[in-house]
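Asker: fold the stuff below for me.
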Amino acid sequence: MSKKKISVVIPTYNEEGNVVPLAKAISQVMERDLPEYNYEILFIDNHSQDQTQNLLRGLCKENKHIKAIFNARNFGQARSPVYGMKQAYGDCVIRMCADFQDPVEMIVPFVREWEKGHKIVIGVKSASKERRFMYFVRTVYYKLIKKITDIDHIEHFTGFGLYDKAFVDVVRQLHDPMPYLRGIIAELGFDYKAMEYTQQKRKAGKSKNNFYSLYDYAMNGITSYSKVVMRLATFFGFFIAGCSFIVGVIYLILKLMYWDRFSAGVAPLMIGVFFLGALQLFFIGFLGEYVLSINTRVLDRPLVVEEERLNFEEEDEDAYETEK
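Answerer: Now for the predicted structure:
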């Protein structure tokens, strides 16, 4: 009877200081603590500009358990990891970051929970050693999106976890060029087991996330799973129209009663104009985000374009060609 296979998927971008020690750490955990399983480590590189790809080539030559996919360009932090999951054909897929912020030691308890029958086992941050401000901002975002969407979003979940092949097969069937994995799990996934962990500091290199990339990912989540924001525009419109009518009636009555003494001035007019202008720009901006989201999905472009893949066996290539 052949052993079951565990696939570990790791997206990378300029991680030259992390890929080699991470591959060795995962291999040690698999061979020492989970010898009853076969395993593969799949790195999907988002067109790194440092030595990451060269180091991955060396790892693939040294260890046939290690595979690599090189993207033709950087396709972003939402698309590349999901594409990597689709190319992993193990009995379960473990997704983790390349910077050691996701503890390698969590692989073993993930697998043990999977053995008990849980189709999805996720890591939820109970604490983090990242900057407190960023942790606070993430907390606010998680609570906001949980309130404005109809699905049960998971707080402090970054995608780190184990996914049974049954769920990965569901993900393969999706044709979403801008996937939001947290929402997919909450909407389409099986019941999941959450395990708390402390997020570590990045071991080497600098975070590739900036304000724009984090904003883009946050908007992807909101526009994919929330109708609330645009409906607020309708509610605000009714509310402001009602207030304007009441204020207009009051001003008319006061003017008729105190014709010579009552002077409204331009201040209320200017305040009203600027307030309405700002409100309109805010909701027009959000409307633009929804339109961009619709446009991206209608175009239905591929998640990524591959430049090269290493160490994939014939059955993996056949599955890849079938999927194409």
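Asker: where does the protein dip in pLDDT?
Answerer: Residue ranges of the chain with pLDDT under 70: 1, 129-130, 150-151, 189, 203-218, 225, 262-268, 271, 314-324.
Asker: residue 99 belongs to a strand?
Answerer: No. Looking at residue 99 with DSSP: H, G, I helix; E, B strand; the rest coil, it is coil, so not inside a strand.
Asker: that one touches residue 202, doesn't it?
Answerer: Yes. With contact defined as CB atoms under 8 Å, residue 99 and residue 202 form a contacting pair (4.4 Å). C-beta: built from backbone N, CA, C; applies to glycine.
Asker: so which residues of the stretch 51-200 of the chain form helices?
Answerer: For the stretch 51-200 of the chain, the helices defined by DSSP state H, counting those that start in this stretch occupy 52-62, 79-86, 107-115, 132-148, 165-173, 181-188.
Asker: quick one: closest of those helices to residue 252.
Answerer: Across the helices of the stretch 51-200 of the chain, residue 252 has its closest neighbour in helix 132-148 (38.5 Å, CB to CB).
Asker: longest helix of this protein?
Answerer: helix 267-299 (DSSP state H).
Asker: mind checking how far that one is from the chain centre?
Answerer: On the basis of CA atoms, centre = their mean, to the nearest Å, helix 267-299 sits 25 Å off its chain's mean C-alpha point.
Asker: re the thing from before, and the helices of the stretch 51-200 of the chain: which comes nearest residue 42?
Answerer: Using CB to CB, those put helix 79-86 closest to residue 42, at 6.0 Å.
Asker: hmm, who's touching that closest one?
Answerer: By CB atoms under 8 Å, 6 or more residues apart in numbering, the surrounding residues in contact with helix 79-86 are 9-11, 42, 44, 46, 69, 71, 75, 93, 95, 159, 163, 168, 171-172, 177-179, 181, 303-304, 323.
Asker: give me the angle between that helix and helix 165-173.
Answerer: Interaxial angle, helix 79-86 versus helix 165-173 (axes from the mean of the first three to the mean of the last three CA atoms, to 10 degrees): 130 degrees.
Asker: which parts of stretch 18-31 are buried?
Answerer: Under the neighbour-count criterion of 16 or more other CB atoms under 10 Å, stretch 18-31 has 18, 19, 20, 22, 23, 25, 26, 27, 29, 30 buried.
Asker: ok, stretch 119-137 next?
Answerer: Residues 119, 120, 121, 122, 123, 124, 125, 128, 130, 135 are the ones in stretch 119-137 that count as buried (16+ other CB under 10 Å).
Asker: which residues outside it are in contact with it?
Answerer: By CB under 8 Å, 6+ apart, the surrounding residues in contact with stretch 119-137 are 101-102, 106, 110, 113-114, 154-158, 160-164, 166-167, 185, 189-201.
Asker: are any of these buried, and which?
Answerer: Looks like the contacts of stretch 119-137 have 101-102, 106, 110, 113-114, 154-158, 160-164, 167, 185, 189, 192-195, 197, 199 buried, using 16+ other CB under 10 Å.
Asker: which ones among those map onto strands?
Answerer: Using DSSP state E, the members of the buried ones among the contacts of stretch 119-137 that fall in strands are 157-158, 160-164, 192-195, 197, 199.
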